[in-house]
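Enquirer: Pasting a predicted model and its sequence here:
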Amino acid sequence: MKTPPRIAVIDYGMGNLRSVAKAVEAAGGDVQIVTKPTELDSLDGVVLPGVGALADCVSALRETGMSEALRDWIAADRPFLGVCLGLQALFDYSEEAETEGLGIFPGKVVRFRLPSEFKVPHMGWNTVKFTQPESPLIANLEPEGEAFYFVHSYYCVPRDPHLVLAECDYGVKFTAAIARGRCFATQFHPEKSQAKGIQIYRNFVSVATEC
């Protein structure tokens with residue numbers, strides 16, 4: 001039997017750390033809570049969770065040096081999974097408090113501007129359509145109609161449309177997940193999405209196992 005891959009869950013002082021760690025463990029990963037870049041040495045995958053304010057998230061990552069470590073990790077095509085703010089932080093800029101992101105991918109994060117019948121934040125279950133059918137992150141999931149749990153007022157607009165892994169509709173079609181190589185990130189919360197969400201984490205753990 002293979003040794004479970006060691007998966008870092010980054011603790012930068014905010015976010016849904018415990019629920020993400022439990023979900024990764026349920027998916028077969030050996031969770032390591034990390035706070036410093038040096039702790040990433042010898043690990044097989046990285047999960048960047050997040051709830052709250054993007055500005056605080058990005059600031060904390062820069063202060064600890066984790067921003068550069070993540071940039072290097074993703075550039076080396078090592079397994080990475082961002083969740084919610086962990087997705088939004090990857091882009092150049094966010095309208096939320098006019099925040100400069102990590103700039104790993106070109107694009108911006110914008111606020112929902114919707115008719116009054118749509119409440120913001122977008123909160124609750126919604127279905128997605130996957131647009132990269134061969135992506136290992138969506139193994140054993142249907143290409144269209146799977147439901148995941150969302151809580152967000154902002155969404156990503158990647159400059160490169162080929163980065164998009166999943167789309168969702170909430171008054172406007174928006175990016176629900178991205179993928180490039182072994183870098184993945186979701187706007188929805190897999191750890192709050194029951195069996196389908198655990199499948200996302202299980203697929204990520206499988207990617208990390210192969211590295």
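Expert: Here it is on my side, so go on. Numbering: from 1, shown residues only.
Enquirer: So what's the gap between the helix or strand where Ile200 lies and the chain middle?
Expert: Counting by DSSP states H and E, the element that carries Ile200 is helix 194-209. Distance of helix 194-209 from the chain centroid (CA atoms, centre = their mean, to the nearest Å) equals 12 Å.
Enquirer: now do stretch 56-66
Expert: Centroid separation for stretch 56-66 versus its chain: 16 Å, with CA atoms, centre = their mean.
Enquirer: Which positions in it come out as buried?
Expert: By neighbour count, with 16 or more other CB atoms under 10 Å as the criterion, the buried positions of stretch 56-66 are 56-58, 60-61, 64, 66. Using the backbone N, CA and C atoms, a C-beta is placed for each residue, glycine as well.
Enquirer: Now distance to Leu85, secondary structure and pLDDT too, for the residues you listed, in a markdown table please.
Expert: Shown next, in a markdown table, are the buried residues of stretch 56-66 (distance: CB to CB, whole Å; DSSP: H, G, I helix; E, B strand; the rest coil; pLDDT from 0 to 100):
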| residue | distance to Leu85 | secondary structure | pLDDT |
| --- | --- | --- | --- |
| Asp56 | 9 | helix | 93 |
| Cys57 | 5 | helix | 92 |
| Val58 | 9 | helix | 94 |
| Ala60 | 11 | helix | 93 |
| Leu61 | 10 | helix | 95 |
| Thr64 | 15 | helix | 94 |
| Met66 | 13 | helix | 96 |
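Enquirer: Which of those sits closest to Ile138?
Expert: Nearest to Ile138 among these is Cys57, at 25.5 Å by CB to CB.
Enquirer: burial of the closest residue to Asp44 other than its chain neighbours, as a residue count?
Expert: Spatial nearest neighbour of Asp44, excluding adjacent residues (CB to CB, 6 or more residues apart in numbering): Pro5 at 3.8 Å. The local packing of Pro5 (other CB atoms under 10 Å) involves 21 other residues.
Enquirer: who's in contact with Pro5?
Expert: 29-30, 44-45, 205, 208-209, 211 (CB atoms under 8 Å, 6 or more residues apart in numbering).
Enquirer: Over to Ser67?
Expert: 58, 61, 102.
Enquirer: hmm, who's touching the helix holding Ile200?
Expert: For helix 194-209, contacts defined as CB under 8 Å, 6+ apart pick out 2, 4-5, 7, 23-24, 26-29, 44-45, 47, 79, 81, 136-141, 146-149, 182, 184, 186, 188-191, 193.
Enquirer: May I have it as PDB, with CA atoms only?
Expert: Presented in PDB, the C-alpha positions along helix 194-209 are these (Å, rounded to 0.1, in the frame of the first residue of the first chain):
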ATOM      1  CA  GLN A 194     -20.900  16.600   0.900                       C
ATOM      2  CA  ALA A 195     -20.000  13.500  -1.300                       C
ATOM      3  CA  LYS A 196     -19.200  15.400  -4.500                       C
ATOM      4  CA  GLY A 197     -16.900  17.800  -2.600                       C
ATOM      5  CA  ILE A 198     -15.000  14.900  -1.000                       C
ATOM      6  CA  GLN A 199     -14.600  13.500  -4.500                       C
ATOM      7  CA  ILE A 200     -12.900  16.700  -5.500                       C
ATOM      8  CA  TYR A 201     -10.500  16.400  -2.600                       C
ATOM      9  CA  ARG A 202     -10.000  12.600  -3.300                       C
ATOM     10  CA  ASN A 203      -9.100  13.500  -6.900                       C
ATOM     11  CA  PHE A 204      -6.600  16.100  -5.700                       C
ATOM     12  CA  VAL A 205      -5.000  13.600  -3.300                       C
ATOM     13  CA  SER A 206      -4.700  11.200  -6.200                       C
ATOM     14  CA  VAL A 207      -2.800  13.800  -8.200                       C
ATOM     15  CA  ALA A 208      -0.500  14.400  -5.300                       C
ATOM     16  CA  THR A 209       0.000  10.600  -4.900                       C
END
